[in-house]
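In: Quick check, what structure comes out for this input:
(2 chains)
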Amino acid sequence: MPILRTDSLNAGYGRTLILENVNIYLSPGQILTLIGPNGAGKSTLLATIAGRLAPLGGTVFLKNEDLAALQPGETAKTLAVVTTERQDPELMTCREVVALGRYPYTGRLGITGPRDREIIEETMALTKITDLADRDFTKISDGQRQRVLLARAICQDPEVLILDEPSSFLDIRHKLELLSILKDLVRKKNIAVLMALHEIDLAQKFSDFVLCVADGKIDRSGRPDEILTEPYIRTLYGMTRGRYLPEFGSVELPVPEGRPSIFVIGGGGSGIPVYRALARQEKAFYAGILHENDLDFPIAEALAAEVVGEEAWEPISKERIDYAKTLIKTCSGYICALDRFGTMNRGNEELRSFAVSLGLTDCGPNYVHQGTHGGTP
Amino acid sequence: MNKKLRYLTTYTALIALLLILSGISIAAGSISIPAGDIFKVLAGGQADSTYAQIITGIRIPRVLAAIFLGGALSLSGYLLQTFFANPIAGPFVLGISQGAKLVVALTLILTLRHGFTPGSPGLILAAFMGSLISTGFILLISRRTRKMSLLVICGIMIGYICSAVTDFVITFANDSDIVNLHSWSLGSFSGTTMANARFFVPIVTIALLLSFLLSKPISAYLLGETSAASMGVDIPRFRLRLILLSSLLSACVTAFAGPVSFVGIAVPHLIKKLFGTAKPLVIIPAAFLGGALFCLLCDLIARTLFMPTELSISTVTAFFGAPVVIAIMLGRQKR
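Out: Residues are numbered from 1 along each chain as shown, chains lettered A, B, ... in the order given. The predicted structure is shown next:
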């Protein structure tokens, strides 16, 4: 049974409808992530589900009860929110901030009892902020601050946790730390998480389900590996240049324009840095001969003017070698990123000899094993 | 539990200072009264009847005014700072005191012209209406800007408008009214009577207790409105209570002492630094005590520095308070 459910929910501000007909089912222990372009309405939807904005239609059900009919104090025991609003409460220690999470459980004056204090210390240990407890909240880093705010929300002992872009503005280490802590909490405490993320690569790895918000509706929903495919990401975010490669979680530059003048012989990962360097310098190139299951293949496809491919697990065929030769003849230079050849890619060795016999410039030294550091040659 | 000790010692020191200053305030003045006679009068024993009159008729009401109205100002400032999440908000800079002053002046002139005085309840009511009108304008402005400096500038402008209208009205009032109105409109604790105290002491005490009971939602509100709401604070109701309480407190002050500047901003800030915390549970009573102490000291200076000439209380509070405001602004800048 879902702990959080929305039934044809319409969300927006005032009379402006932003999202229509949203149906969400969220069960305990699941992480559901909203992704989508800026301004698509992710935050509006989260604010509506958290009860901060009144629905413009439809209903939010928390444990099968209409959220609008619940008292704020009661809701707070089931649903906690980590917000993006930036406040600088002066002279508050991190422990005091975390302790505020006990708000729904403390008495008239908000004084914490021994049981509350136990929970506070436990939560701080779980979110790895025990050593920050007595530090001033305004004087810690953004990454630490997000962990403290997460701990505050966890202190509410919620069954549903809502986070709005918790990892934006954090560096890669802190993004990873925060989301890993979140994932551990979900598994340990069986909390249901609904969050918005900017980073598709992280959404892919940390979510059980993703919801794609675009064009005023939930465009697609499902498991991340089903949804987050290369062509769909491109349409979802309206990307006109470059690509996102879901297998690598990487963003690639657009294919360089113009007539290719370099042929890159690669394979087994050796070609990737070369392709990227050429794309960065906007030099169009051919790539080959790559097996379709080669590590280089998807990146070459994203960046090369044309890729000469071969079926997986097959030796390189005569036909493919000949085709590569016709391409290489139109080039003025070649790069061989491989340093050894085996049975399956014998064809590439032949291709290299062909390039040498044509008298093409070996551009390799400029792109492979560059020994110098920094910007000077 | 170091902290608890710090709270305790600071509280003790504040209370001790308050008692000492109250004693000095009762004794000092154009006629100094020996300590022995003060105790005799307070104990209800036989004493020089002139002394008794001065003590119970003039000095004690004035000390009560400084304590309760000073505390009220500081507390009102604290509540407004919480409401607007703005460290330099206060009844004076937001024009709330001046709004109260305007309506009180109008009420006084109109009623005096018809030959009766409005009395304490009427004055408080008038000041409360004036506070609410100014607050209403500030709320309208705060919807259109999140910038704390802009809000404060608008508040100061509202204050100027209200003061201008007040001056205008006073200029055309009867000569006999002007004398009283003029000294009152500058701000002063002088002329407070026991009858006045019978009104403001209970009102301020109740407002203090009600504010103290808001400690819990205030602490959640420190993290921001959205966070507070997610913890279960009923935001509209909470905001309404804050506004009503802060308006009532500053109205009370204005009704009896006129507008007094800077106490509302400077004292809560100094108190937070002194206690090293922003916990409302600790700070609300402490801000009240601090305001009382600050006003008692400033009033003592105002009336004894150039005896027998009295300074207006705002002259002294501004002298000590304004540098604190500058320090707050510069401290914010650094972050």
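In: Show me where the chain dips below the pLDDT cut-off.
Out: Just so you know, I chose chain A. A:368-377 (pLDDT under 70).
In: Switch to chain B, please.
Out: B:1, B:45-48, B:174-183, B:333-335.
In: which residue is nearest the centroid of it?
Out: By C-alpha atoms, centre = their mean, chain B has its centre lying nearest to B:L73, at 2.0 Å.
In: How many neighbouring residues does the nearest residue to it once chain neighbours are set aside have?
Out: If the residues on either side of it in the chain are set aside, B:L73 comes closest to B:V263, at 4.2 Å by C-beta to C-beta, 6 or more residues apart in numbering or on different chains. To be clear about C-beta, it is placed using only N, CA and C from the backbone, and glycine gets the same treatment. B:V263 has 33 neighbouring residues, counting by other C-beta atoms under 10 Å in any protein chain shown.
In: backbone phi and psi for B:V263, please?
Out: In terms of degrees, to the nearest 10, the main-chain angles of B:V263 are phi -60, psi -40.
In: List the residues that contact it.
Out: Residues counted as contacts of B:V263 (C-beta atoms under 8 Å, 6 or more residues apart in numbering or on different chains) are B:70, B:73-74, B:77, B:90, B:92, B:291, B:294-295, B:317, B:321.
In: Let's see if you can find the most crowded of those residues.
Out: If you count neighbours using other C-beta under 10 Å, the busiest of these is B:L73, which has 36 neighbours.
In: how near is that residue to chain A?
Out: For B:L73, the distance to chain A (C-beta to the nearest C-beta, to the nearest Å) stands at 21 Å.
In: Give me the neighbour count for the nearest residue to A:E121 once chain neighbours are set aside.
Out: Spatially, and ignoring its direct neighbours in sequence, A:E121 is nearest to A:T130 (7.4 Å; C-beta to C-beta, 6+ apart). By other C-beta under 10 Å, the residues close to A:T130 number 15.
In: For chain B, which residues are neighbours of chain A?
Out: Chain B comes close to chain A at residues B:85, B:87, B:213, B:215-216, B:219-220, B:222-227, B:229-234, B:272-273, B:276-279, B:281, B:335, as judged by C-beta under 8 Å from any C-beta of the partner chain.
In: Does B:A318 belong to a helix, a strand or coil?
Out: Taking DSSP: H, G, I helix; E, B strand; the rest coil as the rule, one finds B:A318 in the helix state.
In: tell me the contacts of it?
Out: B:261-262.
In: try B:T171
Out: By C-beta under 8 Å, 6+ apart, B:T171 lies in contact with nothing.
In: Ramachandran coordinates for it?
Out: Main-chain dihedrals, B:T171, degrees, to the nearest 10: phi -60, psi -40.
In: Quick check: closest non-adjacent residue to residue 268.
Out: Assuming you mean chain A. Nearest to A:G268 is A:L295, by C-beta to C-beta, 6+ apart, at 6.1 Å.
In: hmm, I had chain B in mind actually
Out: Nearest non-adjacent residue to B:P268, counting by C-beta to C-beta, 6+ apart: B:Y78, 4.1 Å away.
In: The one you found reaches B:P285, doesn't it?
Out: No - using C-beta atoms under 8 Å, B:Y78 is not in contact with B:P285, being 10.8 Å away.
In: neighbour-wise, which of these two wins?
Out: Higher neighbour count among B:Y78 and B:P285: B:Y78, with 31 against 20, using other C-beta under 10 Å.
In: can you tell me how far the more buried one sits from B:S250?
Out: Using C-beta to C-beta, to the nearest Å, we find B:Y78 at a distance of 12 Å from B:S250.
In: Next: A:A76.
Out: According to C-beta to C-beta, A:A76 stands 32 Å off from B:S250.
In: Looking at these two, which one has more neighbours?
Out: Of the pair A:A76 and B:S250, B:S250 is the one with more neighbours under other C-beta under 10 Å, namely 35 against 25.
In: doesn't B:P91 make contact with that one?
Out: Yes - applying C-beta under 8 Å, one finds B:S250 in contact with B:P91, separated by 3.6 Å.
In: what secondary structure does A:R220 sit in?
Out: Three-state call for A:R220 (three-state DSSP): strand.
In: Now for it, how many residues are close by?
Out: By other C-beta under 10 Å, 17 other residues sit near A:R220.
In: what do you get for the one 3 residues further on?
Out: Using other C-beta under 10 Å as the criterion, A:R223 is surrounded by 12 other residues.
In: Ok, A:I111 next?
Out: 12.
In: so which helix or strand takes in it?
Out: Using DSSP states H and E, A:I111 is not contained in any helix or strand.
In: Quick one: residues contacting the closest residue to it other than its chain neighbours.
Out: With sequence-adjacent residues excluded and distances taken as C-beta to C-beta, 6+ apart, A:I111 is closest to B:L281, at 7.4 Å. Shown in contact with B:L281 (C-beta under 8 Å, 6+ apart): A:109-111, B:212, B:215, B:219.
In: can I assume B:L281 sits in a helix?
Out: Yes - B:L281 forms part of a helix when assessed by three-state DSSP.
In: What residues does A:T48 make contact with?
Out: Going by C-beta under 8 Å, 6+ apart, A:T48 touches A:9, A:11, A:54-55, A:60.
In: 7 Å instead, please
Out: Contact analysis of A:T48 by C-beta atoms under 7 Å, 6 or more residues apart in numbering or on different chains lists A:9, A:11, A:55.
In: now do A:L358
Out: Taking C-beta under 7 Å, 6+ apart as the criterion, A:L358 is in contact with A:K329.
In: most residues in a single strand of chain A, which one?
Out: The single longest strand within chain A, with elements called by DSSP state E, is strand A:4-13.
In: for it, the distance to its chain's centre please.
Out: Between the centre of strand A:4-13 and the centre of its chain there are 25 Å (C-alpha atoms, centre = their mean, to the nearest Å).
In: And stretch B:70-80, by the same measure?
Out: Worked out by C-alpha atoms, centre = their mean, stretch B:70-80 lies 6 Å from the chain centre.
In: counting contacts, what elements does the longest helix anywhere in chain A pack onto?
Out: In chain A, with assignment by DSSP state H, the single longest helix is helix A:172-189. Helices and strands touching helix A:172-189, by 3 or more C-beta pairs under 7 Å, 6 or more residues apart in numbering or on different chains; DSSP states H and E, are helix A:142-155, helix A:200-206.
In: for the stretch 51-200 of chain B, what spans make up the helices?
Out: Counting by DSSP state H, counting those that start in this stretch, the stretch 51-200 of chain B has helices at residues B:60-84, B:96-113, B:119-144, B:148-171, B:175-186, B:194-213.
In: May I see the buried residues of the second one?
Out: Spelled out, it's helix B:96-113. If you call a residue buried by 16 or more other C-beta atoms under 10 Å in any protein chain shown, then helix B:96-113 has these buried ones: B:96-109, B:111-112.
In: What is the nearest of these to chain A?
Out: B:I96 (23.1 Å; C-beta to the nearest C-beta).
In: Pull the contacting residues for that closest one.
Out: Contact analysis of B:I96 by C-beta under 7 Å, 6+ apart lists B:131, B:134-135, B:247, B:250.
In: before we move on, the earlier item: quick one: strands adjacent to the longest strand of chain A?
Out: According to DSSP bridges, strand A:4-13 forms sheet pairs with strand A:16-22 (antiparallel), strand A:25-26 (antiparallel), strand A:57-62 (antiparallel).
In: if we look at that strand, which residues are touching it?
Out: With contact meaning C-beta under 7 Å, 6+ apart, strand A:4-13 is reached by A:17-26, A:41, A:44-45, A:48-49, A:53, A:55-62, A:160, A:192, A:194.
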